[in-house]
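1. I would like the atomic coordinates for the input below:
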Amino acid sequence: MTKADIINDIAEKTGIEKMVVQASVEAFMKSVKGAMEKGENVYLRGFGSFIVKKRAEKTGRNISKNTTIIIPAHYIPAFKPAKTFSEEVKKSVKKAVTA
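-> So this is what the prediction gives:
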């Protein structure tokens, strides 16, 4: 499902114009991105959490030059689904696959 599909789905279910829905979706994504850029986590009860994870420094290999490189510690965005959300997906996908 793409962002356009989400916008169309929300517009159909709510009766709101697509342009208004698109602006809302864009504003939501901008808010989440802005908060995470500041190092803040975003919690959406019943859906999940957008969290900032720290990756430790590690040693890697540059295979083209056959050299060892140090990959510095860095932060990455991650999504952790809520327990109820995960359970619903497990049940729904299981039914869809067996059908």
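
2. centroid residue for this structure?
-> Closest to where the C-alpha atoms of the chain average out (Cα atoms, centre = their mean) is residue 79, at 4.9 Å.

3. Quickly find the element holding that residue.
-> The secondary structure element spanning residue 79 is strand 74-81 (assigned by DSSP states H and E).

4. quick one: contacts of that strand?
-> When contacts are defined by Cβ atoms under 8 Å, 6 or more residues apart in numbering, strand 74-81 is touched by residues 36, 39, 47-55, 89. Heads up, the C-betas are built off the backbone N, CA and C, glycines and all.

5. Report the two of those residues separated the most.
-> Between all members of the contacts of strand 74-81, the longest pairwise span (Cβ to Cβ) is found for 39 and 89 and amounts to 28.5 Å.

6. for this protein, which helix is longest?
-> The residue-count maximum for a helix in the chain (DSSP state H) belongs to helix 18-37.

7. Which other helices and strands does that helix contact?
-> helix 3-14, strand 42-44, strand 48-55 (3 or more Cβ pairs under 8 Å, 6 or more residues apart in numbering; DSSP states H and E).

8. got the buried residues for that helix?
-> 21-22, 32, 36 (16 or more other Cβ atoms under 10 Å).

9. Low-confidence ranges, this structure, go.
-> Low-confidence segments of the chain, defined by pLDDT under 70: 96-99.

10. mind running it again at 80?
-> Screening the chain residue by residue with the criterion pLDDT under 80, one finds the ranges 94-99.

11. In JSON lines: the helices and strands packed on helix 18-37, plus distance to residue 68.
-> Converted to JSON lines, those look like this (distance: least, Cβ to Cβ, whole Å):
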{"stretch": "helix 3-14", "distance to residue 68": "40"}
{"stretch": "strand 42-44", "distance to residue 68": "37"}
{"stretch": "strand 48-55", "distance to residue 68": "18"}
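
12. Mean neighbour count for those - can I get that in a markdown table?
-> What follows is those, written out as a markdown table (neighbours: other Cβ atoms under 10 Å):
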| stretch | mean neighbour count |
| --- | --- |
| helix 3-14 | 13 |
| strand 42-44 | 14 |
| strand 48-55 | 14 |
